[in-house]
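Asks: Predicted coordinates and the sequence they were generated for:
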2 protein chains.
Amino acid sequence: MRVSELAQTGGVTAETVRHYTREGLLQPHRDPRNGYQLYDAESLGRLRFIDCLRSLGVSLPEIKQILSWADQGTAEFIEPVPLATQRGRLYLRAQEFQVIARWIDNMNQDKMTESFSLKELIESLGTGKLVFEANDSRSDH
Amino acid sequence: MRVSELAQTGGVTAETVRHYTREGLLQPHRDPRNGYQLYDAESLGRLRFIDCLRSLGVSLPEIKQILSWADQGTAEFIEPVPLATQRGRLYLRAQEFQVIARWIDNMNQDKMTESFSLKELIESLGTGKLVFEANDSRSDH
DNA sequence: CTTGACCTTTGGGCAGCCTAACGGTTGTAA
DNA sequence: TTACAACCGTTAGGCTGCCCAAAGGTCAAG
């Protein structure tokens, strides 16, 4: 699997794949004839995993750490710390994404007249239990 | 609602809220006595909305555009274009986040012995139907 | 009236990713 | 076999989004 194929399947740009590779999060082997980077099937899962954590604000070095734990099998017992702190955010985002996605579906199905307005969709995102862990260290320094 | 309160409730830093405000995505009014920025209840939904779209890679100017459509009520009929293209990504991410969140739950419940390893979790992210729209313009320039 | 926890603005810094430029490789097909 | 389009690589620089520190105002509690 070459760079562009992995990128397209994974839903990111080829440049992003190259970037993750430069930083050591993906480890392709090289075609000795032309220097092309070749990714195995496993790389797709890694790429999706990276993309998910990045969108939660986890840094590339932290993700690299988690991936190396996964590679070593160290992580069945010691839970990767940067992952655990994301639990609440993961559930919330999953729910929010579904709400938005379903709203888009409604729009696409000629149900416009009976469905919610965009304004109502946005407001509804503020009405859930959006409370995170108390000591989340994410309000002011 | 002052800046830190909104930030904490919304799960972002106060600096991020100030940034969105500087860029015009949030419009607080000012306490005339001290210059503090005061956010109404509606801002929370907007903030969550911004955070969701940002994590999908939508740029702040594009989000600002969508928000202004929502404010004008323009969007019941003309579907905000940057939103529509995200539909597939939204569903996929919602599913992926749930998978990861549940895996973390398993880890936290002393079920470690019988649950999947981190490596298996990551690999499973590559086995779903991760195919996006064909002309997604997100593989190479 | 001082301490601590807020708030403001300004300015600089950094990570993550994009873009352009240049040259090599590959496959298809004139 | 030449020519073209569509890949690939590396390098260098640029942009966006957000963080952080500094310097100073506000405010409630003790």
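Replies: Now that the structure is in, tell me what you want to look at. Quick caveat, the model's predicted, so the values are computed rather than measured.
Asks: Stretch A:38-53 and chain B, are they touching?
Replies: Yes. Under the criterion of Cβ under 8 Å from any Cβ of the partner chain, chain B is reached by stretch A:38-53 at A:41, A:42, A:43, A:44, A:45, A:46, A:47, A:48, A:49, A:52. Any C-beta I mention is one placed from the backbone N, CA and C, and that applies to glycine too.
Asks: What are the neighbouring residues in contact with the residue nearest the centre of chain A?
Replies: Nearest residue to the geometric centre of chain A (Cα atoms, centre = their mean): residue A:52, 1.0 Å. Counting by Cβ atoms under 8 Å, 6 or more residues apart in numbering or on different chains, residue A:52 makes contact with B:93, B:96, B:97, B:100, B:125.
Asks: In strands, which of the residues you listed fall?
Replies: Of the contacts of residue A:52, none are assigned to strands by DSSP state E.
Asks: are any of those buried, and which?
Replies: By neighbour count, with 16 or more other Cβ atoms under 10 Å in any protein chain shown, the contacts of residue A:52 hold B:93, B:96, B:97, B:100, B:125 as buried.
Asks: and the residue nearest to the fourth one when sequence neighbours are not counted, how many residues sit next to it?
Replies: Once flanking residues are discounted, residue B:100 sits nearest to residue A:90: 5.7 Å by Cβ to Cβ, 6 or more residues apart in numbering or on different chains. Residues contacting residue A:90 under the criterion other Cβ atoms under 10 Å in any protein chain shown number 23.
Asks: circling back to that earlier point, okay if I get the contacts of residue A:52 as TSV plus distance to DNA strand D and pLDDT?
Replies: Below are the contacts of residue A:52 laid out as TSV (distance: Cβ to the nearest atom of the strand, whole Å; pLDDT from 0 to 100):
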residue	distance to DNA strand D	pLDDT
B:93	16	94
B:96	20	94
B:97	18	94
B:100	21	91
B:125	21	92
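Asks: Between those, which sits nearest DNA strand C?
Replies: Of all the contacts of residue A:52, residue B:93 has the smallest distance to DNA strand C: 14.0 Å, by Cβ to the nearest atom of the strand.
Asks: Give me the helices and strands touching the longest helix seen in chain A, please.
Replies: Secondary structure of chain A per DSSP state H: the longest helix is helix A:87-108. In terms of contacts (3 or more Cβ pairs under 8 Å, 6 or more residues apart in numbering or on different chains; DSSP states H and E), helix A:87-108 is packed against helix A:118-124, helix B:42-55, helix B:81-84, helix B:87-108.
Asks: Buried residues in that helix, which are they?
Replies: For helix A:87-108, by 16+ other Cβ under 10 Å, it's A:87-104, A:107.
Asks: residues from chain A in reach of DNA strand C?
Replies: Applying Cβ under 7 Å from any atom of the strand, we find that chain A lies next to DNA strand C at A:12-13, A:15-16, A:19-20, A:23, A:31, A:33-35, A:54, A:59-61, A:140.
Asks: Filter those down to the buried ones, PyMOL style.
Replies: To isolate in PyMOL the members of those that are buried, counting by 16+ other Cβ under 10 Å, one can use:
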select buried, chain A and resi 12+13+16+20+54
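Asks: and the residues of chain A next to DNA strand C, which of them are in helices?
Replies: Per DSSP H, helices hold the following members of those: A:15, A:16, A:19, A:20, A:54, A:60, A:61.
Asks: Near residue A:3, how many other residues are there?
Replies: Residues near residue A:3, counting by other Cβ under 10 Å: 22.
Asks: Please read the previous query as pertaining to residue A:116.
Replies: So residue A:116, with other Cβ under 10 Å, has 16 neighbours.
Asks: Look up the pLDDT of the closest residue to it other than its chain neighbours for me, please.
Replies: Spatially, and ignoring its direct neighbours in sequence, residue A:116 is nearest to residue A:103 (6.6 Å; Cβ to Cβ, 6+ apart). Residue A:103 carries a pLDDT score of 86 in this model.
Asks: Any figure for the gap between residue A:103 and residue B:42?
Replies: 18 Å (Cβ to Cβ, to the nearest Å).
Asks: Where does pLDDT dip in chain A?
Replies: Along chain A, segments meeting pLDDT under 70 span A:74-80, A:110-115, A:128-141.
Asks: can you rerun that using 50?
Replies: Across chain A, the ranges flagged by pLDDT under 50 are A:129-141.
Asks: Around DNA strand D, which positions in it sit nearby?
Replies: Counting by Cβ under 7 Å from any atom of the strand, chain A sits next to DNA strand D at A:2, A:3, A:4, A:5, A:14, A:18, A:35, A:36, A:37, A:141.
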